[in-house]
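Enquirer: mind looking at a prediction? Sequence and model below.
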Amino acid sequence: MKAGPAPQRILLVTGLSGAGKSTVLRTLEDLGWEVVDNLPLSLLEHLLSTPLAKGSAQRQRPLAIGIDSRTRDFDAKRIVGQIQALASAEDVPVETLYLECAGSELLRRYSETRRRHPLAPDRPATDGIAAERELMEPLRQWADHVLDTTDTDSNSLQHQIRKRFESLDQAPILTFISFGFARGLPRNADTVFDLRFLRNPHWNQVLRPLTGLDEEVGDYIAEDATYEEALGKIEDLLLFLLPRYQAEGKSYVSVAFGCTGGRHRSVHVAERVAARLREAGFPLTVEHRDLRSRPRDGIEDRRGDEGVNSR
């Protein structure tokens, strides 16, 4: 008899190393799932029987468990048997998502990140990829969902997972994007906030090499006399609109925050507003489109940042 509340749904996330398991688990966590990575299935019954912490406001959330060839005592055929036993013993749907990827693309990813394949730490990655593909085959054949990520980047994979596994009663999926107007508006932005009225750290020689993720930059921007009032109104507006988007059945909302170059003000404000909305219970993803762009005076032309912005 389980002491803890049963999850609404159990999803085993598995597949080839480098195919995107970490991205999938992070996305599910953003959707409100409870996520456990590399848990031996022999411990799953203990996990399900563990009660929530006293006073916890968590509801019976769906549960995602990541397993792969690195999981202790990994045996694909035995895991299939455990899944069958779990599905028959628990009054909860148990599904398996398998992440597939072409060998050439996996090899490119390992070469790009300079990581060693877990099954071939002292041999070419191609040996590990081939060995793992054979090892994982029983799970691939058993899986309810097989997702090929060969031609899928991280952002596209996140959107696919959200589309497949989001609950119908959830709030719209939020994406915050910081960007620089000098490099054009982001595509598909539903709402755009122009932050070029805030003081510009680019014209401070010490702050110029930094970004909106650095505390010094945030402190500098926050000294603007309009900062607190303006950001408070932006946050209140989004908190007012999101429930109405949900009532209209809108699944995705993209909010873009722009400054001139896309490295300082837009990045800081996107992170600040995201923190406020997360505290209010809205899962969201933050993307910084131009964060890695090179700071250039030609882009940060003072004519686009007059008055207090050029201090």
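Expert: Yep, it's here. Numbers count the residues shown, from 1 in each chain.
Enquirer: show me where this protein has its helices.
Expert: Using DSSP state H, the helices found in the chain span residues 21-30, 44-49, 76-89, 103-113, 125-142, 154-165, 215-222, 227-247, 265-279.
Enquirer: least reliable of the ones you listed going by mean pLDDT?
Expert: Between the helices of the chain, the one with the least mean pLDDT is helix 44-49; it has a mean of 67.
Enquirer: regarding stretch 280-293, how distant is the last residue from the first?
Expert: Taking CA to CA, to the nearest Å as the measure, stretch 280-293 stretches 32 Å from start to finish.
Enquirer: that one: which residues count as buried?
Expert: Neighbour-count burial for stretch 280-293 flags 282, 283, 284, 285, 286, 287, 288, 289, 290, 291, 293 (criterion: 16 or more other CB atoms under 10 Å). From N, CA and C alone the C-beta is placed, and that goes for glycine too.
Enquirer: need the helices of the chain in TSV (columns: distance to residue 200).
Expert: Supplementary listing: the helices of the chain in TSV, determined by distance: least, CB to CB, whole Å:
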stretch	distance to residue 200
helix 21-30	31
helix 44-49	50
helix 76-89	55
helix 103-113	34
helix 125-142	45
helix 154-165	28
helix 215-222	9
helix 227-247	13
helix 265-279	7
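Enquirer: want to throw those into a markdown table with distance to residue 187 and mean neighbour count?
Expert: Putting the helices of the chain into a markdown table (distance: least, CB to CB, whole Å; neighbours: other CB atoms under 10 Å) gives the following:
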| stretch | distance to residue 187 | mean neighbour count |
| --- | --- | --- |
| helix 21-30 | 20 | 20 |
| helix 44-49 | 41 | 15 |
| helix 76-89 | 40 | 15 |
| helix 103-113 | 25 | 14 |
| helix 125-142 | 34 | 17 |
| helix 154-165 | 12 | 16 |
| helix 215-222 | 26 | 17 |
| helix 227-247 | 19 | 14 |
| helix 265-279 | 16 | 21 |
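Enquirer: wait, which of the ones you listed is closest to residue 36?
Expert: For those, distance to residue 36 was read as CB to CB. The smallest value, 6.8 Å, belongs to helix 44-49.
Enquirer: what about the closest residue to residue 61 other than its chain neighbours, neighbour count?
Expert: Leaving aside its sequence neighbours, residue 61 sits nearest to residue 34 (CB to CB, 6 or more residues apart in numbering; 4.8 Å). Applying other CB atoms under 10 Å, we find 16 residues neighbouring residue 34.
Enquirer: residue 197 now?
Expert: 16.
Enquirer: my guess is it contacts residue 226. True?
Expert: Yes. Contact criterion CB atoms under 8 Å: residue 197 and residue 226 qualify, at 6.5 Å.
Enquirer: re earlier: the helices of the chain: which one's closest to residue 178?
Expert: helix 265-279 (3.9 Å).
Enquirer: re earlier: now distance to residue 181 and pLDDT too, for the buried residues of stretch 280-293, in TSV please.
Expert: As requested, these are arranged in TSV below (distance: CB to CB, whole Å; pLDDT from 0 to 100):
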residue	distance to residue 181	pLDDT
282	26	85
283	28	83
284	22	88
285	22	91
286	19	93
287	16	93
288	15	94
289	11	92
290	10	92
291	15	89
293	12	81
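Enquirer: what is the nearest of the residues you listed to residue 157?
Expert: For these, the nearest to residue 157 is residue 285 (11.7 Å; CB to CB).
Enquirer: since that was my last question, I'll sign off now.
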